[in-house]
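Enquirer: here is a sequence together with a model predicted from it:
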Amino acid sequence: MFVIELTYKVDLAEIDAHMAAHVKFLKKYYASGNFLVSGRKIPRDGGIILAVGTSRKRIEAIIQEDPFHARGLADFRIIEFRASQRADDIQKRIVENPRS
């Protein structure tokens with residue numbers, strides 16, 4: 001598994017101007033099964049994507065397609081980890097505790 005951390009390099013107005021293209025990119029990789037969870041960081045200085053992929057190189061290739069990367073709007077950090085545990089009710093926890 002991978003945590004992909006985006007850190008914006010430009011002001012939010014420029015980020016927002018390219019948000020529709022970024023969301024289209026996200027939807028593509030949700031549909032492919034690579035992306036599991038994503039969202040804005042708080043404070044809003046970037047975002048987080050939880051992803052699965054066959055290799056780090058595959059995740060790096062996917063990131064190349066993100067309009068935020070292609071336009072130089074954000075820095076990307078990839079953290080690989082081996083998921084060894086998870087909550088059985090993970091979906092319930094995400095929905096009921098969005099900010100706790």
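Expert: Right, received. Where do you want to start? Numbering: from 1, shown residues only.

Enquirer: switch to C-alpha atoms for all contacts and neighbour counts from now on
Expert: Fine.

Enquirer: buried residues, stretch 36-49. List them.
Expert: 38, 46-49 (16 or more other C-alpha atoms under 10 Å).

Enquirer: from those residues, which ones fall inside helices?
Expert: Among the buried residues of stretch 36-49, no residue falls in helices (DSSP state H).

Enquirer: tell me the least confident of those?
Expert: Lowest pLDDT among the buried residues of stretch 36-49: residue 38, with 95.

Enquirer: you'd agree that one is up against residue 30?
Expert: No. Using C-alpha atoms under 8 Å, residue 38 is not in contact with residue 30, being 9.7 Å away.

Enquirer: which helix is the longest one in the protein?
Expert: In the chain, with assignment by DSSP H, the single longest helix is helix 19-31.

Enquirer: just the CA trace of that helix, in CSV.
Expert: Taking Å, rounded to 0.1, in the frame of the first residue of the first chain, the C-alpha atoms of helix 19-31 are listed here in CSV:
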residue,chain,number,x,y,z
MET,A,19,-9.5,20.9,-9.6
ALA,A,20,-11.9,19.4,-12.2
ALA,A,21,-9.1,17.8,-14.1
HIS,A,22,-7.6,16.5,-10.8
VAL,A,23,-10.9,15.0,-9.8
LYS,A,24,-11.2,13.3,-13.3
PHE,A,25,-7.8,11.8,-12.7
LEU,A,26,-8.9,10.6,-9.2
LYS,A,27,-12.0,9.0,-10.6
LYS,A,28,-10.0,7.1,-13.3
TYR,A,29,-7.9,5.5,-10.6
TYR,A,30,-10.8,4.8,-8.2
ALA,A,31,-12.4,2.9,-11.1
